[in-house]
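K.L.:
Sequence and predicted structure below; questions after.
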Amino acid sequence: MIPNLPLEELARRYNNGLAVPDWRETLLPRWQQESEAIRTNAGGARNVAYRTGERNLFDLFTPKGDAPANGWPTFFFIHGGYWQYLWKNDWSVIAKPFVERGYAAVIVGYTLCPQTTIRGIASEIESAIAHVWTHAKALNVNRDRLALAGHSAGGHLTGWCMSIDWTAHGLPQTPFVSATAISGLFDLEPLVPIYLNDALKLTNEEALAMSPAYRKRLVDCPFTATVGGAELPEFHRQNALIGEHWHGVHEWTLPELNHFTIIDQLTRSDTELFAHIAGSLDG
């Protein structure tokens, strides 16, 4: 559904960079610096190929030393950037608190629009998850303790992963112990008439087809849709929409956080958001 707003106002309600213009000078440099440290110091493996594309790579971060007998409980993270910006290496910092607490973390990369489509990205994410699950023993990953999360466009892809038939990939229908969509987009139709679609190339029909809110939920793990209290109005509407359309959604607003400070909650272990996800890994 496209809200009945002037296009300029609709575009403003999706322009997080305009709403929080200093995040590239404040948060991003720290994330990148801490990302380099964890990339150097953690165990695991970097740039593991899950398909043949240039960006079809993921990083696995683990604690140093021997893995538990069944492998490390593992957090799988999908980054944002409106399907057209950023790279997995920018988000290695998110692995840091998980590794410090004795978990593994997978940060996945994917092809960006307009080199591919949102449907193409979704297919890549499916392949990456299936690769981790299928190769769990070699990766020292406990595939029975796999928690999924994503931010912004990654939140959309997290929602998408709740709506597909995982048995077609040879996985159980519910391969996750939890899924958390952070500042996610679940209705893509409002993006069609605004500036974001220059790279996405969505038609109205494809936007609706790729919108988790209008698809059937098939995965039966606990699903949380969370949004920051200081985010733009459309992100609040999107968060409420998935709760209206799907059963059993935990809708969660984190007060005072904006589109970027909310994801910063996953760079530390002393936050409610980290505790929420880590708790599902503990069982």
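P.N.:
Ah, there it is.
K.L.:
What count of nearby residues applies to residue 144?
P.N.:
15 (other Cβ atoms under 10 Å). From N, CA and C alone the C-beta is placed, and that goes for glycine too.
K.L.:
element containing it?
P.N.:
Following DSSP states H and E, one finds residue 144 within strand 141-151.
K.L.:
you'd agree residue 164 is up against residue 129?
P.N.:
No: contact criterion Cβ atoms under 8 Å: residue 164 and residue 129 do not qualify, at 9.9 Å.
K.L.:
More neighbours: the two, which one.
P.N.:
The residue with more neighbours, out of residue 164 and residue 129, is residue 129; 25 against 21, by other Cβ under 10 Å.
K.L.:
ok, the more buried one to residue 108 distance?
P.N.:
Separation of residue 129 from residue 108 (Cβ to Cβ, to the nearest Å): 8 Å.
K.L.:
shared neighbours of those two, anything?
P.N.:
residue 76 (Cβ atoms under 8 Å, 6 or more residues apart in numbering).
K.L.:
Return the residues in contact with residue 12.
P.N.:
Contacts for residue 12 (Cβ under 8 Å, 6+ apart) come out as 18, 232.
K.L.:
so how far is residue 190 from it?
P.N.:
According to Cβ to Cβ, residue 12 and residue 190 sit 12 Å apart.
K.L.:
Could you do residue 241 as well?
P.N.:
For residue 241, the distance to residue 190 (Cβ to Cβ) stands at 11 Å.
K.L.:
Next secondary structure element downstream of the helix ranked longest in the chain?
P.N.:
The helix that spans the most residues within the chain, counting by DSSP state H, is helix 23-41. On the C-terminal side of helix 23-41, the closest following helix or strand by DSSP H and E is strand 43-49.
K.L.:
got the contact list for that next one?
P.N.:
With Cβ under 8 Å, 6+ apart as the contact definition, strand 43-49 has outside contacts at 39, 56-65, 99, 104, 131, 139.
K.L.:
Nearest residue to the residue nearest the centre of the chain in space, please, no chain neighbours.
P.N.:
Centroid-nearest residue in the chain: residue 150, 1.3 Å away (criterion: Cα atoms, centre = their mean). Using Cβ to Cβ, 6 or more residues apart in numbering and skipping residues adjacent in sequence, the residue nearest residue 150 is residue 78, 3.4 Å away.
K.L.:
measure that neighbour to residue 66 for me?
P.N.:
Distance, residue 78 to residue 66, by Cβ to Cβ: 29 Å.
K.L.:
Nice, that's everything, thank you.
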